[in-house]
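Chemist: Structure for this input, please:
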Amino acid sequence: MLNLNVNAAEFEVQVNDLAGVSIENAVVYLEAKDKTTPILKKQVAVVQKNKTFIPLITVIQTGSSIIFPNKDSVRHQVYSFSPAKSFELKLYSGVPSTPVLFDKAGTVVLGCNIHDQMLAFVYIVDTPYFAKTDTSGKVKFSDIPNGEYLLKVWHYALKKENVTVDKAISSKDTEAIKMAIDIKVSI
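Modeler: Now for the predicted structure:
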């Protein structure tokens, strides 16, 4: 549902697959058509615990950084060969001294050279207006400046990799926004 006030809009987005099933961990973001969005660089963490990256999906704005604390009793070697960010944190335990800067928009797939089952995704966007869907496939935005936007949805299991499902929206829209995405069956 989209509720409006004088200076800002509130958007609620529902993301489902083509069969109508809610999709958790979809990245939903708004790109302003006038391209005048603030840059809000942050530092977040992707934790390694029980030989798993937590969270599975991390979404950040371009120019933000990530630290990779290892909370396991074994050492990990975190890496990515993705075009958006290629890096390697050599075998370590604890917390590396330097965070990794993500300065290019796109998808980054994380792995561990020691534990092949470890996999996670970092999705970097050029906007501060982003979120991940919850278990019911919903995400809510508030305090979005009035204007025209391109609403984009990405999920790691999209049938067409590294693409988004897009929809033009306006802060003047008054109905709930529903998006259907075509995902792989085995996610």
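Chemist: centroid residue for this structure?
Modeler: residue 59 (2.9 Å; CA atoms, centre = their mean).
Chemist: Quick check: next helix or strand after the stretch of helix or strand that residue belongs to?
Modeler: For residue 59, the host element (DSSP states H and E) is strand 57-61. Using DSSP H and E, the helix or strand that directly follows strand 57-61 along the chain is strand 64-67.
Chemist: ok, then the element right after that following strand?
Modeler: strand 76-82.
Chemist: Tell me where the protein has helices.
Modeler: Read by DSSP state H, the chain holds no helices at all.
Chemist: returning to what we had before: name the helices or strands packed onto the strand holding residue 59?
Modeler: strand 27-32, strand 119-125, strand 130-132 (3 or more CB pairs under 8 Å, 6 or more residues apart in numbering; DSSP states H and E). Using the backbone N, CA and C atoms, a C-beta is placed for each residue, glycine as well.
Chemist: and with 7 Å instead?
Modeler: Strand 57-61 is packed against strand 119-125, strand 130-132, with contacts defined by 3 or more CB pairs under 7 Å, 6 or more residues apart in numbering; DSSP states H and E.
Chemist: got any ranges where the protein has weak pLDDT?
Modeler: 1-8, 36, 172-176, 185-187 (pLDDT under 70).
Chemist: quick one on the thing from earlier: test my guess that the residue nearest to the centre of the chain contacts residue 27.
Modeler: Yes. Counting by CB atoms under 7 Å, residue 59 touches residue 27, with 4.8 Å between them.
Chemist: right, so the helices and strands packed on strand 57-61: which one is the most enclosed?
Modeler: strand 119-125 (a mean of 21; mean count of other CB atoms under 10 Å).
Chemist: who does that one touch, helix- and strand-wise?
Modeler: Using 3+ CB pairs under 7 Å, 6+ apart, strand 119-125 sits against strand 57-61, strand 106-112.
Chemist: Now do that strand against strand 57-61: the angle between them, please.
Modeler: 20 degrees (axes from the mean of the first three to the mean of the last three CA atoms, to 10 degrees).
Chemist: residues in contact with strand 119-125?
Modeler: By CB atoms under 7 Å, 6 or more residues apart in numbering, the list of residues contacting strand 119-125 from outside reads 27, 29, 46, 53, 56-62, 66, 84, 102, 104-111, 154, 156.
Chemist: partners of that strand, with directions?
Modeler: Here strand 119-125 has these sheet partners by DSSP bridges: strand 57-61 (parallel), strand 106-112 (antiparallel).
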